[in-house]
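Colleague: Okay, predicted coordinates and the sequence, questions at the end:
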Amino acid sequence: MKQQHCDQCENQCPVEALQCGKGRKHFGLEPAGEGGHGQPSGPIGLLRQCGHMLHHGGAGGEDLLRALTPGEQAELERLLGILAADWQSRCPAGKSEHRPPHQE
């Protein structure tokens, strides 16, 4: 019987929807153009890395953005707002569990 779930991490993803580099590498599905550990390189890889650290508690506290000046923080917020709005507009209703925060 063909394996239906990945056993390379605790997520146990379906083989047709692998979420980690370990699983993609194990099943020979590692896409070209990725950086180390199965992560895409460039800005998408950095966004994933930051999101992973936020999600899993590797970063916390009130001063998460202390490495950035107030102007850089404002620019980051502006750019992320543009991306969130674009991605939300392209995501069919009901297809995403995670929606960007409402912008006023």
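Modeller: Yes, it's here.

Colleague: Mind listing residues that contact stretch 52-59?
Modeller: The contact list for stretch 52-59 (Cβ atoms under 8 Å, 6 or more residues apart in numbering) reads 50, 64. In short, each C-beta sits where N, CA and C put it, glycine included.

Colleague: I'd like to know how far the residue nearest the centre of the chain sits from residue 63.
Modeller: Central residue check for the chain by Cα atoms, centre = their mean: the C-alpha nearest the mean position is that of residue 48, 3.4 Å away. Taking Cβ to Cβ, to the nearest Å as the measure, residue 48 falls 22 Å from residue 63.

Colleague: related to what we said a few turns ago, quick one: classify the residue nearest to the centre of the chain as helix, strand or coil.
Modeller: helix (DSSP: H, G, I helix; E, B strand; the rest coil).

Colleague: so what pLDDT did it get?
Modeller: Confidence at residue 48, expressed as pLDDT, is 87.

Colleague: And it, how far from residue 55?
Modeller: Counting by Cβ to Cβ, the separation of residue 48 from residue 55 is 10 Å.

Colleague: hmm, back to that, ok, the residue nearest to the centre of the chain to residue 74 distance?
Modeller: The span separating residue 48 from residue 74 equals 23 Å under the rule Cβ to Cβ.
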